[in-house]
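Asks: got a structure for you, letters missing:
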């Protein structure tokens, strides 16, 4: 208990793992499960039902696991699940889901910078960088290794594919294909996230494969339906090309040009 500040308030119906540090005036409500080696700075609020893994850092005034801001929500015991090795910077907010059927989920090894907001039912993957004041509306799905610049707003139900890079001050209303780079309000795809791919160990051949499938959809003059037909004619698709095509096939909100 020496790692828990005497001004911290911890509900008796919560579970605190080993070697956690809980700072001054932090509050942990009922039905919170906190894993090992988590660090809460001062004034952190965590409400439940929320399950949190190990080695996470919550900076000053982060607010985690509170009720969602969906007007359809009627007080059900919905959930938030957070993995391990994540960092939540100052004044970051994460809401529980609006429905019992789907939890709000955040994976592992993510950085959520100051004033970022994750709304109800969002599904966030691993190794994400979400910069200052990013606002994620409800039901957004973000795949692994995505970088989102500061002050970006993303519309509800949007999907963002793996290794995408979204430039700062963008407004995103449609799905963002994997491996791409874009910016603007309205959002516009401007190329591939080539630097990010190289930094993450993609070979020259892998990047070449991605470029070839990208050109079919963005430089051939075809609409997305026509481009999809052309892409399906390729006999030996690489894993990266399959990922790109499958994302296009499964879009619901449409795709950014």
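Replies: Everything's here; your move. What you see is a predicted model; the values in this text were computed from it and never measured.
Asks: tell me where the stretch 101-250 of the chain has helices.
Replies: For the stretch 101-250 of the chain, applying DSSP state H, counting those that start in this stretch gives helices covering 194-199, 204-218, 224-231, 239-249.
Asks: relative to residue 8, which of those is closest?
Replies: Among the helices of the stretch 101-250 of the chain, helix 194-199 comes nearest to residue 8, with 39.2 Å by CB to CB. In this view, the C-beta of every residue, glycine as well, is placed from N, C-alpha and C.
Asks: on that earlier part again, need the helices of the stretch 101-250 of the chain in a markdown table (columns: mean pLDDT and distance to residue 70).
Replies: Output for the helices of the stretch 101-250 of the chain, formatted as a markdown table (pLDDT from 0 to 100; distance: least, CB to CB, whole Å):
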| stretch | mean pLDDT | distance to residue 70 |
| --- | --- | --- |
| helix 194-199 | 97 | 33 |
| helix 204-218 | 97 | 34 |
| helix 224-231 | 94 | 31 |
| helix 239-249 | 97 | 27 |
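Asks: pLDDT value on residue 2, please?
Replies: pLDDT recorded at residue 2 is 63.
Asks: sorry, slip of the keys, the one I care about is residue 256.
Replies: pLDDT, read off for residue 256, is 88.
Asks: that one reaches residue 170, doesn't it?
Replies: No. Applying CB atoms under 8 Å as the test, residue 256 and residue 170 come out as separate, 9.8 Å apart.
Asks: and of the helices of the stretch 101-250 of the chain, who's closest to residue 75?
Replies: Nearest to residue 75, of all the helices of the stretch 101-250 of the chain, is helix 239-249, at 35.9 Å by CB to CB.
Asks: rewinding a little: can you redo the helices of the stretch 101-250 of the chain as JSON lines with mean neighbour count and distance to residue 104?
Replies: Shown next, in JSON lines, are those (neighbours: other CB atoms under 10 Å; distance: least, CB to CB, whole Å):
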{"stretch": "helix 194-199", "mean neighbour count": "14", "distance to residue 104": "26"}
{"stretch": "helix 204-218", "mean neighbour count": "17", "distance to residue 104": "31"}
{"stretch": "helix 224-231", "mean neighbour count": "14", "distance to residue 104": "30"}
{"stretch": "helix 239-249", "mean neighbour count": "18", "distance to residue 104": "22"}
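Asks: of residue 256 and residue 170, who's got more company?
Replies: Ranked by neighbour count (other CB atoms under 10 Å), residue 256 and residue 170 place residue 170 first, with 23 against 20.
Asks: how about that one, phi and psi?
Replies: phi -90, psi 150 (degrees, to the nearest 10).
Asks: how far away is residue 3 from residue 42?
Replies: 14 Å (CB to CB, to the nearest Å).
Asks: and what of residue 21?
Replies: Note on residue 21: its distance to residue 42, by CB to CB, is 11 Å.
Asks: quick one: low-confidence residue ranges for the stretch 1-150 of the chain.
Replies: 1-2 (pLDDT under 70).
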